[in-house]
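Enquirer: turn this into a structure:
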Amino acid sequence: MKKHVTLYTDGACSGNPGPGGWGAILVYRETERELSGGEEMTTNNRMELLAVIEGLSRLKEPCCVTVYSDSRYLIDAINQGWAVRWKQNGWMRNKKDRALNPDLWETLLELLNTHECEFIWVKGHAENAYNNRCDQLAVAESQKFFK
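Expert: The predicted structure follows:
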């Protein structure tokens, strides 16, 4: 039986594009692990995706994962099958518009072949303490690029 892990994630960007950060918290039983990182020039959506990728990448074996995010871009692209369709269509959203962030979507879709994931949207900057902590981690990482 696979372990059940909860993953909370958030991304932040100042400028969009601009300095960005991501934060993630992995929870397994009584253990919590905070992760974070950032990039000097990025977008908010890239940081949202990277938070999930980094969290899932830290798992040492296939797991059942409940992912919480305040990113509609992320949640809808997975739950409504958009990301899979974009890939099937050569990373095109439609006949003329390219899908954004295909490198990160490719990586995330590969991780979803390993882990059994459920994606749940949470309201950002609200009552979810883990989402708020992820936001703090992401913002702190983005601020490291301001000299």
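Enquirer: what residues sit buried inside stretch 27-43?
Expert: Neighbour-count burial for stretch 27-43 flags 27, 35-39, 42-43 (criterion: 16 or more other C-beta atoms under 10 Å). No exception for glycine: its C-beta is placed from N, CA and C like everyone else's.
Enquirer: to clarify, my last question referred to stretch 47-65.
Expert: For stretch 47-65, the neighbour count (16+ other C-beta under 10 Å) marks 47-56, 59, 63, 65 as buried.
Enquirer: out of the residues you listed, who's nearest residue 125?
Expert: residue 48 (14.3 Å; C-beta to C-beta).
Enquirer: could you point out which element follows the helix or strand that contains the closest one?
Expert: Using DSSP states H and E, residue 48 falls within helix 44-57. As assigned by DSSP H and E, the chain's next helix or strand after helix 44-57 is strand 64-69.
Enquirer: CA-only coordinates of the helix holding residue 48 in CSV, if you can.
Expert: Extracted in CSV, the C-alpha atoms of helix 44-57 (Å, rounded to 0.1, in the frame of the first residue of the first chain):
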residue,chain,number,x,y,z
ASN,A,44,4.3,33.4,-11.0
ASN,A,45,2.9,30.5,-13.0
ARG,A,46,6.4,29.0,-13.3
MET,A,47,6.9,29.2,-9.6
GLU,A,48,3.5,27.6,-8.9
LEU,A,49,4.5,24.7,-11.1
LEU,A,50,8.0,24.4,-9.7
ALA,A,51,6.7,24.2,-6.2
VAL,A,52,4.7,21.1,-7.0
ILE,A,53,7.5,19.6,-9.1
GLU,A,54,10.0,20.1,-6.3
GLY,A,55,7.7,18.6,-3.7
LEU,A,56,6.9,15.5,-5.7
SER,A,57,10.5,15.1,-6.7
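Enquirer: quick check: mean pLDDT across that helix?
Expert: On average, the pLDDT along helix 44-57 is 98.
Enquirer: quick check: angle from that helix to strand 64-69?
Expert: Relative orientation of helix 44-57 and strand 64-69, computed by axes from the mean of the first three to the mean of the last three C-alpha atoms, to 10 degrees: 160 degrees.
Enquirer: so which elements touch helix 44-57?
Expert: Other helices and strands packing on helix 44-57, by 3 or more C-beta pairs under 8 Å, 6 or more residues apart in numbering; DSSP states H and E, are strand 4-13, strand 18-28, strand 31-42, strand 64-69, helix 72-79, helix 102-114, helix 129-143.
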